[in-house]
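> 3D, please:
(one chain, ligands or ions: 1)
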Amino acid sequence: MIDKETLWDGLKNSFRANLSPVTFNTWVETAKPLSYQPPHLQLQVPSQLHKDYWERTLTPKLVEFAFSDFQAELEPTYVIEGEKPAVTRTTVTEEKPTTTSAKVNHSSSLNDKYTFDTFVIGKGNQMANAAAMAVSEEPGTLYNPLFLYGGVGLGKTHLMHAIGHAMIARNPDTNVMYVTSEEFTNDMVSSIRDKTQEEFRQKYRYVDLLLVDDIQFFADKEGTQEEFFHTFEQLYNNSKQIVLTSDRLPNEIPKLQDRLVSRFKWGLSVDITAPDLETRIAILRNKAEREQIEIPDDALEIIASQVNSNVRELEGALARVQAYSQLQNIGIDDGMVHNALKSLNLENKPALSIELIQQKVAAYFDVNVIDLKGKKRMKEIVVPRQIAMYLARELTNSSLPKIGKAFGGKDHTTVLHSCDKIAESVSTDAKLSETIQQLKIEIQR
Ligand SMILES: Nc1ncnc2c1ncn2[C@@H]1O[C@H](COP(=O)(O)OP(=O)(O)OP(=O)(O)O)[C@@H](O)[C@H]1O
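Take a look at the predicted model:
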């Protein structure tokens, strides 16, 4: 009898020869054989999403390869790997009638660089990537809407565009519409002003794929929410795919109508978290190769270990190193990378901690750190506490629960409320805005 590793290696080779590299990396490379007792092969997969995909799409191939490569009759089962990130899901399978779409292709609004091919998969984004791929393969039926959420610069927009590209690649007639939530709002406001509401509705309600980025900016916008609700209803009822991104979960978006919150949860919500070191190096390597930047592995590692906030900044640091090399007309090596990044003030700078922020804010307002973490409700304490939470969110990569914990075990909704409150006041209160600026300088000194 062959052992599970030999069997799996052989099967993987067949999948590799049969699938595109992206598909292979997403679904097959992430699976591991747990046991093989003929005919039972148990595979471990990273998430429910992967399990669904294996059961739905890859099992027939797996059985076929086992038979042709090993003359084995296989009965595979799938086990989800240990801890799963929070995922809510409802599979929508009901067939809905479709209507004819206006044949306008809005794909020009997609960034050519944001494809699945150029997206590097790591722990923090593998679920989101898998969900996006699944949606692009079976739009409108599987996970509708797909709701991607997480911090800035972590690849939400990239994945959204990748879905659009993949759908167009499969069917060039696909009508894709990508907008930020602000563009949607502005478009709606102009349509009311110009009395072109009908055109507006045609534009958004007759597409095959609607991508709306940064939906958290719908907060407080009653009119936009009303219009979007009807857009959503029509697309959803016609089994057209909707993909939304946000920096937070639907129920954490302030003043978002309940009916929208509940609809946003109908499909699948997946979060993206910051990439670990290994993924950051892979992202840099990938980018360097694509842009033909000659850079040794050591140098990539230095950049990746110093820039750990988000992918946008990581790309910025690489661009800086490249510019530095071109300007000085020198090749990229360790020493040169250190110099290039020095001016970014990253080097030897300890990661900002919540504790440091608490200390600086307490000193600034002349209050006790203990009170910042405590429960006192007087204004002199509450405002500095909210500011400290806001700065912790802005300046560190900490999650809301982590910040809550650092403030004496507060609930993450309390943290979110504080951050929102300060963010809102900053835009109207010049004095507060100045205080925040001063504090930021003080903290990052
Ligand atoms: N896993 C990845 N592989 C390759 N590039 C990535 C990856 N994640 C992010 N990027 C790149 O990082 C940059 C920022 O990503 P993107 O704009 O998609 O972030 P975002 O999560 O939408 O952020 P925001 O909330 O600010 O809009 C883009 O250039 C994107 O291509």
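> what sits against the residue of the stretch 101-250 of the chain found nearest the ligand?
In the stretch 101-250 of the chain, the residue that lies nearest the ligand is residue 155 (2.8 Å; C-beta to the nearest ligand atom). C-beta coordinates here come from the backbone N, C-alpha and C atoms, glycine included. Applying C-beta atoms under 8 Å, 6 or more residues apart in numbering to residue 155 gives the contacts 119, 125, 128, 272, 311.
> check those residues one by one and keep those near the ligand.
119, 125, 311 (C-beta under 6 Å from any ligand atom).
> which of the residues you listed ranks first by neighbour count?
For those, the largest number of neighbours (other C-beta atoms under 10 Å) sits with residue 125, at 27 neighbours.
> give me phi/psi at that residue?
Taking degrees, to the nearest 10, you get phi -130, psi 10 for the backbone angles of residue 125.
> got it, and residue 272?
According to degrees, to the nearest 10, residue 272 has phi -120, psi 130.
> relative to residue 19, how far out is the residue of the stretch 101-250 of the chain closest to the ligand?
Per C-beta to C-beta, to the nearest Å, residue 155 is found 22 Å from residue 19.
> please apply the same query to residue 215.
33 Å.
> and residue 34, that one's in a helix?
No. Counting by DSSP: H, G, I helix; E, B strand; the rest coil, residue 34 falls outside a helix, being strand.
> and the pLDDT for the closest residue to it other than its chain neighbours?
Nearest residue to residue 34, sequence neighbours excluded (C-beta to C-beta, 6 or more residues apart in numbering): residue 42, at 4.3 Å. Per-residue confidence (pLDDT) for residue 42: 92.
> count of neighbours near residue 42?
Residue 42, neighbours per other C-beta under 10 Å, totals 16.
> so who does it touch?
Taking C-beta under 8 Å, 6+ apart as the test, what residue 42 contacts is 33-36, 76-79.
> which one of residue 215 and residue 19 has more residues nearby?
Ranked by neighbour count (other C-beta under 10 Å), residue 215 and residue 19 place residue 215 first, with 24 against 16.
> and the more buried one, what is it in contact with?
Residue 215 touches 181, 244-246, 253, 264, counting by C-beta under 8 Å, 6+ apart.
> let's see which of these end up in helices.
Among these, DSSP state H puts 181, 264 in helices.
> who wins for most neighbours among the contacts of residue 215?
residue 244 (27 neighbours).
> ok, it touching residue 265?
No. Counting by C-beta atoms under 8 Å, residue 244 stays clear of residue 265, with 11.0 Å between them.
> shared neighbours of the two, anything?
Contacts common to residue 244 and residue 265, judged by C-beta under 8 Å, 6+ apart, are residue 147.
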